[in-house]
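**Student:** Structure for the following, please:
(2 chains)
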There are 2 protein chains.
Amino acid sequence: MDTRKRLQALQRAASPVASASMALDAAAVPDHPACMIGSGQRCEHALVDRDLNRLLFDYEQKVRSRFTRIVDVLKRISTYQHDENFTERAQQHAREQLGFDLPSQVLEDAWVCGLDLSALHSRCTFSSLKSCVENAQAEQAGWRQRMPLDENFLRSCGYHTVDISPCSDGRLQGVSPYVLRILPGPNVWVKAYAGALFDVEVDVSDWAQREVERLSGAMVDGERLNYLKIAVYHFSSSSPNGQGCAAHGSNDRQATEAALQRLQHELREAIDRTFGAGAAPDVLLIGVDTDLDALRIHLPDGFGEVNPHRYFETAQIYRDTVGLSPEAARARIAEIVADAEGMGGWGQGNGSMREGMRRLVLALAEANLSQIEYVIKHHTGRYATIGHDEECIVAGEAVRVLQLRNLFYFAHLDTIEEGTNDMDVGINIFRKLNIAHGLPVPVLVHFEYDARIPEARERAIARGRRVRDAIQARYSDLVAPGLLNCAIAVSDRTGGECCAFVTDDVGGHH
Amino acid sequence: MDTRKRLQALQRAASPVASASMALDAAAVPDHPACMIGSGQRCEHALVDRDLNRLLFDYEQKVRSRFTRIVDVLKRISTYQHDENFTERAQQHAREQLGFDLPSQVLEDAWVCGLDLSALHSRCTFSSLKSCVENAQAEQAGWRQRMPLDENFLRSCGYHTVDISPCSDGRLQGVSPYVLRILPGPNVWVKAYAGALFDVEVDVSDWAQREVERLSGAMVDGERLNYLKIAVYHFSSSSPNGQGCAAHGSNDRQATEAALQRLQHELREAIDRTFGAGAAPDVLLIGVDTDLDALRIHLPDGFGEVNPHRYFETAQIYRDTVGLSPEAARARIAEIVADAEGMGGWGQGNGSMREGMRRLVLALAEANLSQIEYVIKHHTGRYATIGHDEECIVAGEAVRVLQLRNLFYFAHLDTIEEGTNDMDVGINIFRKLNIAHGLPVPVLVHFEYDARIPEARERAIARGRRVRDAIQARYSDLVAPGLLNCAIAVSDRTGGECCAFVTDDVGGHH
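**Tutor:** Predicted coordinates:
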């Protein structure tokens, strides 16, 4: 727990009302909701990859520790800001504890009006993100090679591209590698929107560009492959009305229906009616219980139509199959999935889902048992912080190598004009998380480019500056008192440069 | 000439400096710059379609008259605004002269603070646009069926789609039917940007969507057809430093190079490098002398690469071939084009342009002779108003049935955030044209939708409102005193509803 969180915990403890309601919450829900077993039994499922979980947890701890230490270091150096040799001492302290230098100008100006801790906090957040990116290859190597749903597996299910739209909410930002155990790579796109309400026109354009590669023969095995769109909504089982999806007023039925409407009625119809019936990509609708990282998977029928009432839940699967042998558990999972297919719609003759989709759904169900046990073993069965706890906002396009629960709030957008709502939701989260405690909101504006294309990097940087300017214009009330700091970074989507900060813009207005 | 223009002419005449410089301009350039002939000869070229020119001129006059009358009617009704039965008299007057009703609330409120002529002027401009759209089928039928470069002809040249990006400048807004004699239709897209500096990412997306139709077999004859991108820059032969393209400081070499860079180095490379060499669309670069509507056509080589120095000019062709028989003129044109191909680059072995492109270029050259003679016969050889003279701004997507020189300034955009520069240029033009005379700027925000797609109309309207709001926020200094009025309209791109005004939004803030 970093100092900010420790402070928040202390404040909650100091408030009798808040602590009473916490106690009530704690009493009303079981400790290990996904794993209610008899005495003598252990919460160890035969299908869980415990080695993978350990590697993922090591990685989680490494990343978190970079942010946890920021407040401690800043508080410490603040105590001797008026001493002689302050700059040298502070830099040494930062290098030892954080692994990077602080901006020396900020340190050198401290004698005038005191140390600008607010600016330093944002700069340290950006520098820590940078460290995460720089070390990603080394730190992720272990878990990346054990990830079950890799590119080959997805291709074996019939998918050349998986386009995932979770909610922008920080709790969903580890959804690909952790919750779904899908290996992040160039074939996996994460485009987060408040309420998982993705932009249909953007998706049609993204789909069409992949479709050209497929149809032109540029894609290996393209003739048998398809595009898969997954929308991921979320809810909180222990606090259904308080910690669900803010964009849908914590109403998970509304979240489900809105996402389904967009997948089915808008995206699939748009493509089918424009490019001919049958052109539409496959779609899948998944809900995540962000307390447990357990899934609710809604099943498509033989025509690819998703029925909101035809679903199964992996927490139930965990409970039903813990203690079984791998073979018996797999057989039971297949039964549960088949039973779910029989719910609503089966009788209407649309048949069961296609084989590739079934293969994917069974793999998702099994892989998520590992994540459920990850939360049981490494996070005491339910996350200690079931609500928001993000370190910053990312606006623009995903930084592919950064995916972790509550690391950031992510608004996928091209312009603030279109993404206003997604940004407003994010800023409001940070008004409570940071601004209420005097800390600024760090916003990383990030775009990708294709290094093979002339001027693409320049255009990505120009887009970053345009979005940065629009953010600063929209939240000028926060920019003026130094409560919002932007940085711009760009990545080559073909694999070269990764999250390179545009130097003259790091730290935004400071 | 409408009253606004009459006023401007009077003001110019009253200024000795302005009228002296006008006289100088007039002396320095010939009366019919495209047609300098011996006595006894007539400016009648054998390849000109004079019937088509008459139909186009009838249409031009009909459209212009709708706008010309607005100021006269408003001045007239203003004189009796305090009379009894004012509303009835004014409405009768408007119906007779303009063909539509005025907004009665504005008339009825006149007794309080006087008639709001500023609001009425914008409302009348929008109503006149609406009349043009409603009568388009009847009024355009004649010239539409005589237009030489129709969809079949373009397909015979190998092009399923022609995507034209002229400058946003009003003088280019008749470029397709008048200057190029290309029949506006669903296969012809006009996307105007200040300086013709089109958005590469938008074009890649548009290209990809057509490419999916082509590759999937949904397009008839798709296997032999291609996409053609034309960039159209402009210059003024009589006032090269004053009435050229403002976005390029009236420097036509800069305009040429910037457009070529975007076509060749950015668009073609982006597609070739992403989707494989040879995937890039054909491109063509055309300059328009907006005094004469004459063309400068830059020729591609055998690989489709355009060389800025390999071009010919149609004004020269007109002068060289006037008086020749059709056959002799055509043969001479083919020679001139072949000579142009020999300029720069020929020796480098890239060969001459592909046959379909040659067919198109020869047709464009011949068709433009009609437009040159149109300006000679119907506009005294050079347009009386060689500069800006637009009636309104259109922002968003083109209203396909509205294409006429100086009818509007057109900024193709999805968001004001991306189109800021294009809008700023337009607003600055109207600061001089309208605001300096106390008249507001009418801005029509227009988007297309596909009626086959669920929710597409609703999304187009939402987009229109978003852009309208962004315009009002950016130019709030004009909105407050009533000097900027927005209306929103949507069209079904599959051919149903055309430029339907979103009722509750007509007239913007008034």
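**Student:** how about the helices of the stretch 251-400 of chain A, start to end?
**Tutor:** Using DSSP state H, counting those that start in this stretch, the helices of the stretch 251-400 of chain A run over A:252-260, A:269-275, A:314-321, A:326-342, A:355-378.
**Student:** Now find how far off-centre stretch A:407-419 is within its chain.
**Tutor:** 13 Å (CA atoms, centre = their mean, to the nearest Å).
**Student:** how about the helices of the stretch 251-400 of chain A, which one is nearest chain B?
**Tutor:** Nearest to chain B, of all these, is helix A:269-275, at 4.1 Å by CB to the nearest CB. C-beta coordinates here come from the backbone N, C-alpha and C atoms, glycine included.
**Student:** Contact partners for A:Asp289?
**Tutor:** Residues near A:Asp289 by CB atoms under 8 Å, 6 or more residues apart in numbering or on different chains: A:His234, A:Phe235, A:Ser236, A:Ser237, A:Leu295, A:Arg296, A:Ala315.
**Student:** Quick check: bridge partners of the residue lying closest to the fourth one once chain neighbours are set aside?
**Tutor:** This points to A:Ser237. Distance criterion CB to CB, 6 or more residues apart in numbering or on different chains; nearest residue to A:Ser237, sequence neighbours excluded, is A:Asp289 at 4.7 Å. Per DSSP bridges, residues listed as beta-bridge partners of A:Asp289: A:Phe235, A:Ala294.
**Student:** quick one: stretch A:193-204 near chain B?
**Tutor:** Yes - applying CB under 8 Å from any CB of the partner chain, one finds stretch A:193-204 in contact with chain B at A:Val200, A:Glu201, A:Val204.
**Student:** now the end-to-end length of that stretch.
**Tutor:** For stretch A:193-204, the separation between the terminal residues is 16 Å (CA to CA, to the nearest Å).
**Student:** ok, back up a step: which of the contacts of A:Asp289 has the most neighbours?
**Tutor:** Using other CB atoms under 10 Å in any protein chain shown as the neighbour test, the contacts of A:Asp289 are led by A:His234, with 28 neighbours.
**Student:** Distance-wise, check that residue relative to A:Gly287.
**Tutor:** 6 Å (CB to CB, to the nearest Å).
**Student:** overlap in contacts of those two?
**Tutor:** Residues touching both A:His234 and A:Gly287 (CB under 8 Å, 6+ apart) are A:Asp252, A:Ala255.
**Student:** any idea which of the contacts of A:Asp289 is closest to chain B?
**Tutor:** A:His234 (23.7 Å).
**Student:** Could you report the distance from the closest one to A:Gln173?
**Tutor:** Distance from A:His234 to A:Gln173, by CB to CB: 11 Å.
**Student:** elements contacting the longest helix that chain A contains?
**Tutor:** For chain A, the helix that runs over the most residues, judged by DSSP state H, is helix A:50-79. With contacts taken as 3 or more CB pairs under 8 Å, 6 or more residues apart in numbering or on different chains; DSSP states H and E, helix A:50-79 sits against helix A:3-14, helix A:86-97, helix A:117-134, helix A:136-146, helix A:355-378.
**Student:** List the contacts of the residue nearest to A:Ala340 when sequence neighbours are not counted.
**Tutor:** Excluding its sequence neighbours, the residue lying closest to A:Ala340 (CB to CB, 6+ apart) is A:Phe312, at 4.0 Å. Neighbouring residues of A:Phe312 by CB under 8 Å, 6+ apart: A:Arg296, A:Ile297, A:Leu299, A:Ile336, A:Val337, A:Asp339, A:Ala340, A:Ala365.
**Student:** need the residues of chain A near chain B, please.
**Tutor:** Counting by CB under 8 Å from any CB, chain A sits next to chain B at A:200-201, A:204-205, A:208-209, A:211-213, A:215-216, A:218, A:265-266, A:269-270, A:273-276, A:279, A:414-418, A:450, A:452-456, A:459, A:466-467, A:470.
**Student:** Tell me how chain A divides into domains.
**Tutor:** Domain segmentation of chain A under automatic domain parsing yields A:1-30, A:50-147, A:148-378, A:388-510.
**Student:** Out of these, which is closest to B:Gln97?
**Tutor:** domain A:388-510 (39.8 Å; CB to CB).
**Student:** Centre-most residue in chain A?
**Tutor:** A:Gln173 (0.8 Å; CA atoms, centre = their mean).
**Student:** Might you report the residue contacts of A:Ser237?
**Tutor:** Going by CB under 8 Å, 6+ apart, the list of residues near A:Ser237 reads A:Val29, A:Pro33, A:Asp289, A:Asp291, A:Leu292, A:Ala294, A:Ala315.
**Student:** Tell me the pLDDT of it.
**Tutor:** Looking at A:Ser237, its pLDDT is 93.
**Student:** from the residues of stretch A:193-204 next to chain B, which is closest to B:His378?
**Tutor:** For the residues of stretch A:193-204 next to chain B, the nearest to B:His378 is A:Glu201 (41.7 Å; CB to CB).
**Student:** so which helix or strand takes in the closest one?
**Tutor:** Using DSSP states H and E, A:Glu201 sits in helix A:200-215.
**Student:** The contacts of A:Phe312: which two are farthest apart?
**Tutor:** A:Arg296 and A:Asp339 (14.6 Å).
**Student:** the bottom helix or strand of chain A by mean pLDDT?
**Tutor:** Lowest mean confidence among the helices and strands of chain A (mean pLDDT, DSSP states H and E): helix A:16-28, at a mean of 41.
**Student:** and of the helices of the stretch 251-400 of chain A, who's closest to B:Arg319?
**Tutor:** helix A:269-275 (47.6 Å).
**Student:** A:Arg262 and A:Glu390, how far apart?
**Tutor:** The separation that A:Arg262 has from A:Glu390, given CB to CB, amounts to 24 Å.
**Student:** that older thread, any chance of a PyMOL selection covering the buried ones in the residues of chain A next to chain B?
**Tutor:** Applying 16 or more other CB atoms under 10 Å in any protein chain shown to the residues of chain A next to chain B leaves a buried subset, and the PyMOL line that selects it is:
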select buried, chain A and resi 200+201+204+205+208+209+211+212+213+215+216+266+269+270+273+274+275+279+414+415+416+417+418+453+454+455+456+459+466+467+470
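**Student:** Excluding chain neighbours, what is closest to the residue in chain A positioned nearest to chain B?
**Tutor:** In chain A, the residue that lies nearest chain B is A:Leu215 (3.6 Å; CB to the nearest CB). Nearest in space to A:Leu215, with sequence neighbours left out and distances taken as CB to CB, 6+ apart, is B:Leu215 at 3.6 Å.
**Student:** Touching, the one you found and A:Ser216? I think so.
**Tutor:** Yes - counting by CB atoms under 8 Å, B:Leu215 does reach A:Ser216; the two are 6.0 Å apart.
**Student:** If anything else comes up later, I'll come back, but that's it for now.
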